[in-house]
Every structure is written in structure tokens, then in C-alpha cells.
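In: following is a predicted model, sequence given first.
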Amino acid sequence: MAKFAVLFVFSLLCTCKAQVPLIMWTSDGYTLPTRLEATAGEIVSGAKLASYLNSALTTSPHNVLLFLQDGLSMDDFTAYGGVYGNKKDSVFVNLESALQASTPMVLPALAWTAAESVVEIFRQELGLPAVNIAPSELGQLQLNTAKPSLLVIRLPYTTGAQSKELLRKNDETIGYVLTILRAESVPYIAVYTGLRPSHVIQDTSMTWDLTGRSLLQAPSVPDVKPPVTFNSTEGKPCILFWADKLNISYNGGAFFDLGSLTFNDSVSLEGSLCNETISRLVLNYQNILSFRSFQLIFMIRKTFFPVSARYWAVMEQVELNYDGQTAIFNASRGIYSPAEYSFHCQKVSSAQSPLLVPRDLTDNATHWSVLFTDFQIQGFTVTGDFSYASDCASFFTPGIWMGLLTSLLMVFILTYGLHMIMQLRTMDRFDDPKGPSISVPQNE
């Protein structure tokens, strides 16, 4: 029960929407490194998960059991794990028993991009192919304790009234598999996670202004698309790109959003390239705003700046190629980040507070208006997921300036008042009503 209490506390601290939990434990006689712990609210990326797994394999057996459920969220543990004292109602009896007999690692918020590729991450770390196996076939499989193995056991999931019973059956499957391995004296390291979140936590920070009563309804699952990924000649990802909207407008016309055509695995990346110093991402479209061919190109260069003594990724320009014509926006003034970071900006625009400026007054870019929202790109040091984001928002926002000026004004008024109080002086002579009155001659 203590392990599930920890899971419950983590679920309260983590306010992320599209993440899944991951639990890792070992067989008797083995322990995971104690440093494998995520901080409260941390979203673990694929690269971080790979480093965790690499550290775990140094002290744990190389027979890996991956229980991959179709859907899993922290709410499943809080609702059906008996964390409120109803231990008899828990559907995770076998999982709880395995965690109590081991020193588990709990990642309450694994990034959805890492969750979708968790099998590939394990395969790369172990250097061997994954074997999808049914629990009934496990007894026929002869495992060699001297050789590593990666066994993937798929577990179903469904929402609604049947989810509790299905989770109970999945827990029985986990217990059945662990019992077989213990009977054969096969050491193992087990992982339990999901391909996608089964529940989505509604972000109340965006709805604080909605007051009054309203109808109760289940929150809809956001349709989050994976980022555009361009792989190098070695097959490794070298460019990551994502945006909520890619709005473009020609000659003051209505905006057209390229986002729906970009993040559905249908856009062509022909013409893209990446190396140690240059990353060029080319997005190819057809029949956009009456243009038969259309290209959106991002050019990023890795440059060393002696002042900061580090390499920076600078977006030199954004190009629009349409039916043989080219419009070029200079972007180096505001779109840059350390080479090992990604760049993020809530709004990349060519209008108000522009980060994209036409190359010159005669360039075709003067006919175009560009507005990218929730823009994020990384052209170097890509490890499978976005690195820490260097945001374009300055530290001193208008709200911060207003608060600072108001605070300074209040401090000035308080200081002036204290100064005036300290300048008060008492009279050195007082009028005694029983004594002679004080008279002041008029000629004085």
C-alpha cells in the first residue's frame, strides 16, 4: 500500500495532460540504483528514460519483461488501487506484492513521445529485437539466464464500466508471468507502462474565468500530433519541429493553416538536410492558396560565439517557395537558442513584434503574412525528444514591469511617510493652566 500511496501523491503533484506512468522493478536479490527517481512534476523524456534504463541494467538482470498496456494513467491507480484505505478493493494485488518485494522506480509522467517509442528505446539499450509473446506461451519459451532477452506482453484496456475488471485481469496476467519466472529461477527486470494516457486531466488554469453552474461532461482527449522528425543518413533523428498552427496569408487575404497538413505524417520532407553545422527543414505541399506547389523552409546554422564561449543554433531565414517564386524572411534577430537546446515561442509572427522580417523592401516576403503559434524547433543534438526549451519570452514582461513599478511607488510613499514622522519635534515649553499665562509683547 505504501507504493500506491507514493503513486497517489505523485498524481496530485503532476498536472501534465498527455503523459503516462511507468513502473520498474526487479526480481528478488536485485535492486535498482537509488538515484533513479524523478522529481515532482517532472516530465521524463525519451532520452532521460534511456539513461534511467542504462543505469538500471548495470545492477539488474538483462531479462526484461515489458508489460505494455494500451492505456494507462495515474488515475487508474488512484481510482482502483485502494489508496484510500480500501485495500480489499484494489485491483493491483499482484503488482502491489511485486513492488513491496523490490525497490521500484516510479515515473509518474513519461512523455507521450517516449511512451509511443518505449519498445524501441528498450531495444536500442539492450541491442536485441523485442519478442511479442502471449502469457500462455511463456511456459514453452526456454529463457537462458546468461543471455539477455526483451519480452513484450501486450495488455488490453478499455474505458467505461469495464475498465476496473479489465485492470484486474491484467494484474492477474502480471502475477501469472512473474510466477512462471520465479518457478524457473529466471532473474528479471519488469516494466509496466502504457502506450497512451487512459485519462486526461482537465487544465483548470485555462478555465478559471468560467463561473456558475454548467453541465457535467467527460473532457475530450486532445488530438496531440507527434512532431515532424527528419532523420539523418545514419537513420537517427536530427531535426524536430512542432507548432500548434502554421498560418500564412498572401496579399492581405484570409489566413490558411498548414498545421493540419503538416503533423499527420503526410507532408514530404524532400530537400531537407542536416550535418554538424547546418540544418535545413523543407516542408513540401500541393495546392496551397491557389499555388500548385508550395514549400516552407527553415534554415538553421550552428555558430560559435566567443562572448558566451558556446555554440548557438541560429535560424538564419524562413523561406516560402511557391510556383517558382521565393519569399525570404530574416529570422536571426530573435530565433536562436543554445545548440543543445530547442527553441520555443508562443507566437512567431511577421506583423506585431515581428521575429520574421522581410529580407528587404523589394522582396516577395512583403506580400506575405506569417503567424506560427506554439512554435518549437530543434536542429542539433537531437536525442529523440525535444531538449530543454529556450523560450523567446523576455523575463521582464509588461505584467512584471507593472508590478515592479507599483511596488517601487509604494516603497517610496512608505519611505517618505517614515521620514516625515521622524522629523516631528516636541515643544520645549508648555502652557501651565495653574501658572501665569505666557504673554508675548506685541512690540516684539
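Out: It's in.
In: per-residue pLDDT, the closest residue to L269 other than its chain neighbours?
Out: Leaving aside its sequence neighbours, L269 sits nearest to F230 (Cβ to Cβ, 6 or more residues apart in numbering; 5.3 Å). C-beta coordinates here come from the backbone N, C-alpha and C atoms, glycine included. F230 is assigned a predicted lDDT (pLDDT) of 90.
In: just L210 next, same as before
Out: The model reports L210 with a pLDDT of 45.
In: which parts of the stretch 151-300 of the chain are strands?
Out: Counting by DSSP state E, counting those that start in this stretch, the stretch 151-300 of the chain has strands at residues 189-194, 228-231, 237-242, 245-250, 256-257, 273-274, 278-288, 291-305.
In: return the most buried member of those.
Out: Among those, strand 189-194 has the highest mean neighbour count (mean count of other Cβ atoms under 10 Å), at a mean of 23.
In: tell me which strands it pairs with, and in which orientation.
Out: strand 19-26 (antiparallel), strand 63-69 (parallel) (DSSP bridges).
In: separation between the closest residue to V382 other than its chain neighbours and R123?
Out: Nearest residue to V382 in three dimensions, chain neighbours excluded: P237, at 4.8 Å (Cβ to Cβ, 6+ apart). With distances taken as Cβ to Cβ, to the nearest Å, P237 is found 16 Å from R123.
In: number of residues surrounding A365?
Out: Residues lying near A365 (other Cβ atoms under 10 Å) number 24.
In: pull the number of nearby residues for the residue nearest to V131 when sequence neighbours are not counted.
Out: Nearest-residue entry for V131: L151, 5.5 Å, with adjacent residues in sequence omitted and distances by Cβ to Cβ, 6+ apart. By the measure other Cβ under 10 Å, the count of residues near L151 is 20.
In: quick one, what contacts L151?
Out: 63-66, 130-131, 133, 138, 141 (Cβ atoms under 8 Å, 6 or more residues apart in numbering).
In: across the sheet, point out what pairs with it.
Out: Beta-bridge pairing of L151 under DSSP bridges involves L65, V131.
In: can you pull the pLDDT of it?
Out: pLDDT, L151: 88.
In: please apply the same query to the one 10 residues further on.
Out: On pLDDT, A161 comes in at 72.
In: for P108, give its distance to Q376.
Out: 23 Å.
In: please say which of those two ends up with more neighbours.
Out: Neighbours per residue, other Cβ under 10 Å: of P108 and Q376, the larger number sits with P108, 28 against 19.
In: list the buried residues in stretch 333-341.
Out: By neighbour count with 16 or more other Cβ atoms under 10 Å, stretch 333-341 contains the buried residues 334-341.
In: redo the strands paired with strand 189-194 as CSV? Include mean pLDDT.
Out: Output for the strands paired with strand 189-194, formatted as CSV (pLDDT from 0 to 100):
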stretch, mean pLDDT
strand 19-26, 87
strand 63-69, 87
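In: so of these, which one's packed in deepest?
Out: Of the strands paired with strand 189-194, strand 19-26 is the most buried (mean count of other Cβ under 10 Å), at a mean of 24.
In: alpha carbons of that one, in CSV - could you do that?
Out: Only the C-alpha atoms of strand 19-26 are listed here, as CSV (Å, rounded to 0.1, in the frame of the first residue of the first chain):
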residue,chain,number,x,y,z
GLN,A,19,1.7,11.6,-20.1
VAL,A,20,1.7,8.0,-18.9
PRO,A,21,3.2,6.5,-15.7
LEU,A,22,6.0,3.9,-15.8
ILE,A,23,6.8,1.5,-13.0
MET,A,24,10.0,-0.6,-13.0
TRP,A,25,11.0,-3.3,-10.5
THR,A,26,13.3,-6.3,-10.3
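In: figure out which of the strands paired with strand 189-194 is closest to H199.
Out: Nearest of these to H199, taken as Cβ to Cβ: strand 19-26 at 10.2 Å.
In: re earlier: relative to V348, how far out is the residue nearest to L269?
Out: With distances taken as Cβ to Cβ, F230 is found 19 Å from V348.
In: next: F329.
Out: To V348, F329 is 10 Å away according to Cβ to Cβ.
In: these two: which is more packed in?
Out: Set F329 next to V348 and count neighbours by other Cβ under 10 Å: V348 wins out with 27 against 22.
In: rewinding a little: A98 is nearest to which of the strands paired with strand 189-194?
Out: Here strand 19-26 is closest among these (Cβ to Cβ), at 5.8 Å.
In: buried sites along the helix or strand where L371 lies?
Out: Applying DSSP states H and E as the criterion places L371 in strand 368-378. Neighbour-count burial for strand 368-378, counted by 16+ other Cβ under 10 Å, picks out 368-373, 375-378.
In: so what's the nearest residue to Y285 once chain neighbours are set aside up against?
Out: In space, and not counting its chain neighbours, Y285 is closest to F294: 4.4 Å by Cβ to Cβ, 6+ apart. Applying Cβ under 8 Å, 6+ apart to F294 gives the contacts 284-286, 288, 320-322.
In: now those in CSV, with distance to F386?
Out: Below are the contacts of F294 laid out as CSV (distance: Cβ to Cβ, whole Å):
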residue, distance to F386
N284, 23
Y285, 24
Q286, 28
I288, 27
L320, 25
N321, 27
Y322, 29
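In: now for those: which two are most distant?
Out: Spatial extent of the contacts of F294 (Cβ to Cβ) is set by the pair Q286 and L320 at 14.6 Å.
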